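**Student:** Following is a predicted model, sequence given first.
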Amino acid sequence: MVLEKECKQQQEEKYFLARVQDFAVDIIHDDSNHEIPDFWEMCGKKGYITELTSLCSEGKKDLYGLCAPLIKNQTSFAYGIGVLLEGEPDELVLQNWQQKGFTLWKTNPCRYVVFSCIGEDGDCITQAWEKFYREFLPQSGYEPSEETDFEIYFEKEQGMFCELWIPICLH
C-alpha cells in the first residue's frame, strides 16, 4: 500500500556516506530483476551496513537507498546504500572511508514529493513510482527533477517499509 504524503523542501545540501554500485538502466522496468535487493543483501553480509550505521548515534541509524538521476542516452545509473552524515565530513575521516570503498554522496537543496511505502517488500516502492507517474504528475503541475531520489529505511520502523522521496520542480 502507498500513501502519499506531502511535498517537502530540502533547504540545504545533505551528505551521505554510501556503498555505491552502477546498475543497467534496463533493470528499472523489469519487475523480475532483483539486482538492487541482491546488492542490499551483499552489503549486509559483508558488514558494510553495520560499518555505516556505526557512524550514527542511537535513534539516527536510518538507512538510505540513493539513486542518481537517469541521464538520457546513459546505459547505467549509480545506486548507493548509505547513512546521512551530520554536516560535511572531515577530510581525513572521508579519505579513510573512501579507501575502504565508500563514497561521499551529496544532495542539493530540492523539493520532493514523499510517499509512505507500506508493505512487506519492495513491491510497495514499485507501486509508489506508478502512483507518482500515473496520478501525482498529471495533476500536480510538477515534473521530475534531475536530482537524487532516495528511500529512507527508518531505524525505528512503524509498520512502514520505507519513505520514497522523489525530486520535483514546477513545469
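**Tutor:** Cool, got the structure. Numbers count the residues shown, from 1 in each chain.

**Student:** Select the longest helix from this structure.
**Tutor:** Assignment by DSSP state H gives helix 35-45 as the longest helix of the chain.

**Student:** Give the buried residues for the helix or strand following that one.
**Tutor:** Using DSSP states H and E, the helix or strand that follows helix 35-45 towards the C-terminus is helix 48-53. Residues Tyr48, Ile49, Glu51, Leu52 are the ones in helix 48-53 that count as buried (16 or more other CB atoms under 10 Å). C-beta coordinates here come from the backbone N, C-alpha and C atoms, glycine included.

**Student:** Give the closest residue to the third one in space, chain neighbours not counted.
**Tutor:** What sits nearest to Glu51 in space, not counting adjacent residues and going by CB to CB, 6 or more residues apart in numbering, is Lys100, at 7.6 Å.

**Student:** Can you report how many residues lie near the one you found?
**Tutor:** By other CB atoms under 10 Å, 10 other residues sit near Lys100.

**Student:** What helix or strand is the residue nearest to the spatial centre of the chain located in?
**Tutor:** By CA atoms, centre = their mean, the chain has its centre lying nearest to Phe150, at 2.2 Å. Phe150 belongs to strand 149-153 when elements are defined using DSSP H and E.
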